[in-house]
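Asks: I need the structure of the sequence given here:
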Amino acid sequence: MSATEPGTLSHARYGKDLVRVLRVVREGSTHHVVEYNVKALVEGDIATSYTKADNSVVVATDSIKNITYYIAKTSPHVLHPTRFALHIATFLLSKYPHLHKAFVDVERLRWTRIPLSGQGQSTPHPHSFYRDGDDKQTVSVEVDGTKGKDKMVAHVRGGMRDLLVLKSTGSAFRDFVRDEFTTLLEVPDRIFSTSVDLEYAFGEVRIPAEYKDSEKTLKSFTLSSAGKGDVWDADFAADLARKITLDVFATDESESVQATLYKMAQTLLNEDQYINTVTYKLPNKHYVPVDMRYIGVDNVTPTEAEVFTPLAAPSGLITATVTRK
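Replies: Numbers count the residues shown, from 1 in each chain. Next comes the predicted model:
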């Protein structure tokens, strides 16, 4: 080893981040739209690009961006973010023999059809949409071709982030540790608000790929569906996870954020047998009652508290992973 190189390259990965994609799929007068933020990274026999300034092993990040757009244009899976991510990753490994792993993250923004009212009914407009929330569906896939491009396997995670929720009652916090550092009052009822971050993981799946006869590039890939809510049906899993999160949050008589988080995770594992682990991150969004006792107004007693000050920082952060037995 050269005296000027005291270290060794132990890990290398590169690619393109923040690739923004809007795709319109037309079915006659009815259109479907999806908007994604994509990150695609690769690993493989690329060490010399770092250690020897050898760019002959580098697939330009600009090319990775263009491949993302190409798959968005040609893939039959583009309306399904998990399948779309798997298609990008599988294409990259199939196209370039010296690349052995691909990592693709897809973030889906919300677009919902505008409902039109008429004759006492609401009809979704065929090609007009609105943003009905700031939360995003998230997908992270790792496709591993180290044992051969005909033996590729995938690890898939789904989830969501930035789902802002609030309940004005039905949440308590009592019987916690009290000592000389404790200033927080116990409350039988309080505002409970958080911005939900959720990630869940499926089991490993094998990816059968079909190649073009005259080239080594990917023609298509498929997965055998094991049942409702599996990797191939990850849209169902995503909708289910969002519904469970909202339902449990709304209906649970919460004794703590921790207890509500645990119920959310257990419910998701119970209702989707293909999910193996569930991780929630729930930061507290604090709303503090304004003390008006100086003018003889009670706005502090929980049953009388009606005016609150939102506090952005500091914030509690509650997180946990629940793993299937």
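Asks: longest helix of this protein?
Replies: helix 234-251 (DSSP state H).
Asks: could you point out which element follows that one?
Replies: Downstream of helix 234-251, the next assigned helix or strand under DSSP states H and E is helix 257-271.
Asks: pull up the pairing partners for the very next helix or strand once past that next one, direction included.
Replies: As assigned by DSSP H and E, the chain's next helix or strand after helix 257-271 is strand 275-283. Note on strand 275-283: by DSSP bridges, its sheet partners are strand 192-202 (antiparallel), strand 317-323 (antiparallel).
Asks: other SSEs contacting the next helix or strand after strand 275-283?
Replies: The first helix or strand that comes after strand 275-283 along the chain, using DSSP H and E, is strand 286-289. In terms of contacts (3 or more CB pairs under 8 Å, 6 or more residues apart in numbering; DSSP states H and E), strand 286-289 is packed against strand 308-311. Yep, even glycine has a C-beta here, placed from its N, CA and C like the rest.
Asks: now the spatially most central residue of the chain, what's its secondary structure?
Replies: The chain has Thr138 as the residue nearest its centroid, 2.2 Å off, counting by CA atoms, centre = their mean. With DSSP: H, G, I helix; E, B strand; the rest coil as the basis, Thr138 sits in strand.
Asks: just checking, it touches Arg161?
Replies: Yes. Using CB atoms under 8 Å, Thr138 is in contact with Arg161, at 5.8 Å.
Asks: so what sits against both of these two?
Replies: Glu107 (CB atoms under 8 Å, 6 or more residues apart in numbering).
Asks: picking that back up, for the closest residue to the residue nearest to the centre of the chain other than its chain neighbours, list each beta-bridge partner.
Replies: Nearest non-adjacent residue to Thr138, counting by CB to CB, 6 or more residues apart in numbering: Gly159, 4.5 Å away. On the basis of DSSP bridges, Gly159 is bridged to Thr138, Glu199.
Asks: can you check the one 4 residues further on too?
Replies: For Leu163, the beta-bridge partners under DSSP bridges are Val196.
Asks: okay, it: pLDDT?
Replies: Note for Leu163: predicted pLDDT of 97.
Asks: now swap in Thr217 and tell me
Replies: Thr217 is given a pLDDT of 65.
Asks: repeat that for Gln273.
Replies: Gln273 is given a pLDDT of 96.
Asks: which residue comes closest to it once chain neighbours are left out?
Replies: Gly229 (7.1 Å).
Asks: OK, contacts around the one you found?
Replies: Gly229 neighbours (CB under 8 Å, 6+ apart): Phe236, Ala237, Leu240, Glu271, Asp272, Gln273, Tyr274, Ile275.
Asks: Phe129 sits in which helix or strand?
Replies: With DSSP H and E as criterion, Phe129 is part of strand 121-130.
Asks: packing partners for that strand?
Replies: Secondary elements touching strand 121-130 (3+ CB pairs under 8 Å, 6+ apart): strand 30-44, strand 112-118.
Asks: buried ones in that strand, by neighbour count?
Replies: Phe129 (16 or more other CB atoms under 10 Å).
Asks: any stretches of the stretch 201-325 of the chain with poor pLDDT?
Replies: 211-217 (pLDDT under 70).
Asks: ok, back up a step: in JSON lines: the contacts of Gly229, plus distance to Ala154 and neighbour count.
Replies: Below are the contacts of Gly229 laid out as JSON lines (distance: CB to CB, whole Å; neighbours: other CB atoms under 10 Å):
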{"residue": "Phe236", "distance to Ala154": "18", "neighbour count": "15"}
{"residue": "Ala237", "distance to Ala154": "15", "neighbour count": "24"}
{"residue": "Leu240", "distance to Ala154": "21", "neighbour count": "19"}
{"residue": "Glu271", "distance to Ala154": "23", "neighbour count": "14"}
{"residue": "Asp272", "distance to Ala154": "18", "neighbour count": "23"}
{"residue": "Gln273", "distance to Ala154": "19", "neighbour count": "13"}
{"residue": "Tyr274", "distance to Ala154": "13", "neighbour count": "22"}
{"residue": "Ile275", "distance to Ala154": "15", "neighbour count": "24"}
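Asks: can I get the residues you listed in CSV including distance to Leu317?
Replies: Conversion of the contacts of Gly229 to CSV gives the following (distance: CB to CB, whole Å):
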residue, distance to Leu317
Phe236, 30
Ala237, 25
Leu240, 25
Glu271, 26
Asp272, 26
Gln273, 30
Tyr274, 29
Ile275, 23
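Asks: what residues does stretch 38-52 touch?
Replies: Under CB under 8 Å, 6+ apart, the answer for stretch 38-52 is 9, 12-21, 54-59, 64, 67-68, 85, 88-89, 92-93, 96, 98-107.
Asks: drop anything exposed from the residues you listed.
Replies: 15-16, 19, 21, 57, 59, 64, 67-68, 85, 88-89, 92-93, 96, 99-107.
Asks: quick revisit: contacting residues around the residue nearest to the centre of the chain?
Replies: With the criterion set at CB under 8 Å, 6+ apart, Thr138 makes contact with Asp105, Val106, Glu107, Arg108, Arg157, Gly158, Gly159, Met160, Arg161, Glu199.
Asks: partners of the helix or strand where the fourth one lies, with directions?
Replies: To tie it back to what came earlier, the one meant is Arg108. With elements taken from DSSP H and E, the one containing Arg108 is strand 99-109. Paired strands of strand 99-109, with direction, are strand 30-44 (antiparallel), strand 136-144 (antiparallel) (DSSP bridges).
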